[in-house]
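Q: how would this look folded up:
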Amino acid sequence: MKKLTHTITALMLVLAGCVGAQDKTMEPMNFYDLTVTDIYGEEMKMEQFKGKYVLLVNVASKCGFTKQYAPLQELAEKYPDQLVVIGFPSNQFMKQEPGTEAEIVEFCEKNYGVTFPMTSKIDVKGKDQHPVYQWLTNKELNGVSSETVGWNFNKFLVSPEGKWLAYFGSRTDPMDSDITSLIK
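A: The predicted structure follows:
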């Protein structure tokens with residue numbers, strides 16, 4: 001029995017060493033290394049936005065917050081030299097973005113005059129979460145904060161240096177001073 005106890009103890013120490021090795025904090029990733037496919041099927045590299053704030057928003061056309069497209073466009077027009085707004089269509093919340101990319105573009109242009117960049121439809125949570133949203137929601141990757149995308153029109157602000165700055169929920173209007181005060 002004593003030999004079995006020593007064996008179990010030794011095995012526990014070995015396993016603890018393995019677990020400890022896995023628990024080490026990861027080095028944060030660089031936001032500018034990330035890419036996504038835009039709504040027209042072309043690669044969009046985040047590095048093209050160096051030197052500007054980037055507001056990343058998961059969007060949907062059939063949501064109670066869809067009207068936020070208008071203030072998102074207003075924000076993009078108010079700060080054209082300092083800010084880029086990027087819409088990330090997602091159908092993960094009550095299937096409120098069922099359209100194709102072409103239908104999304106038509107809807108946004110016709111109803112809200114959207115000219116800011118949009119991506120192809122992505123997953124913003126779950127097992128197929130897009131790498132951009134992995135970075136936005138995971139402190140180990142962004143070096144600042146872990147957040148959960150709980151609904152459409154959650155907003156993340158990234159600094160001109162590619163640093164995670166802030167998270168805003170669906171209820172925060174894009175023109176709210178909580179957001180605009182951070183854009184310098």
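Q: all helices of the chain, in order?
A: Applying DSSP state H to the chain gives helices spanning 2-22, 69-78, 101-112, 131-137, 139-142, 177-180.
Q: Compare the ones you listed and say which comes out lowest on pLDDT.
A: Sorting these by mean pLDDT places helix 2-22 lowest, at a mean of 40.
Q: Not counting sequence-adjacent ones, nearest residue to G41?
A: The spatially closest residue to G41, leaving aside those adjacent along the chain, is S120, at 7.0 Å (Cβ to Cβ, 6 or more residues apart in numbering). In short, each C-beta sits where N, CA and C put it, glycine included.
Q: which ones are touching the residue nearest in space to the middle of the chain?
A: The residue lying closest to the centre of the chain (Cα atoms, centre = their mean) is Y133, at 3.6 Å. Y133 sits next to 58, 88, 122-125, 149 when contact means Cβ atoms under 8 Å, 6 or more residues apart in numbering.
Q: cool, I122 as well?
A: Shown in contact with I122 (Cβ under 8 Å, 6+ apart): 36, 88-90, 130, 132-133.
Q: Between those, which sits nearest V105?
A: V105 lies nearest to P89 out of the contacts of I122, by Cβ to Cβ, at 9.7 Å.
Q: Pull the number of nearby residues for that closest one.
A: Using other Cβ atoms under 10 Å, P89 has 26 neighbouring residues.
Q: isn't it right up against P117?
A: No - the criterion here is Cβ atoms under 8 Å, and P89 misses it with P117 at 11.7 Å.
Q: Report the set of residues contacting both of these two.
A: Residues touching both P89 and P117 by Cβ under 8 Å, 6+ apart: I39.
Q: Show me what counts as buried in stretch 28-36.
A: Neighbour counts over stretch 28-36 (16 or more other Cβ atoms under 10 Å) mark 28-29, 31-32, 34, 36 as buried.
Q: repeat for stretch 149-164
A: For stretch 149-164, using 16+ other Cβ under 10 Å, the buried residues are 149, 151-160, 162, 164.
Q: Stretch 112-123 now?
A: Neighbour counts using 16+ other Cβ under 10 Å place 112, 114, 116-123 of stretch 112-123 among the buried residues.
Q: Nearest spatial neighbour of G169, chain-adjacent residues omitted?
A: Nearest residue to G169, sequence neighbours excluded (Cβ to Cβ, 6+ apart): N154, at 5.9 Å.
Q: now that neighbour: how far from L136?
A: From N154 across to L136, the span is 9 Å (Cβ to Cβ, to the nearest Å).
Q: tell me, what's touching those two both at once?
A: Joint contacts of N154 and L136 (Cβ under 8 Å, 6+ apart) are 147, 167.
Q: The contacts of I122 into a markdown table, with extra columns for distance to G99?
A: Below are those laid out as a markdown table (distance: Cβ to Cβ, whole Å):
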| residue | distance to G99 |
| --- | --- |
| V36 | 18 |
| F88 | 14 |
| P89 | 8 |
| S90 | 12 |
| H130 | 18 |
| V132 | 21 |
| Y133 | 20 |
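Q: Having no further points to raise, I will conclude here.
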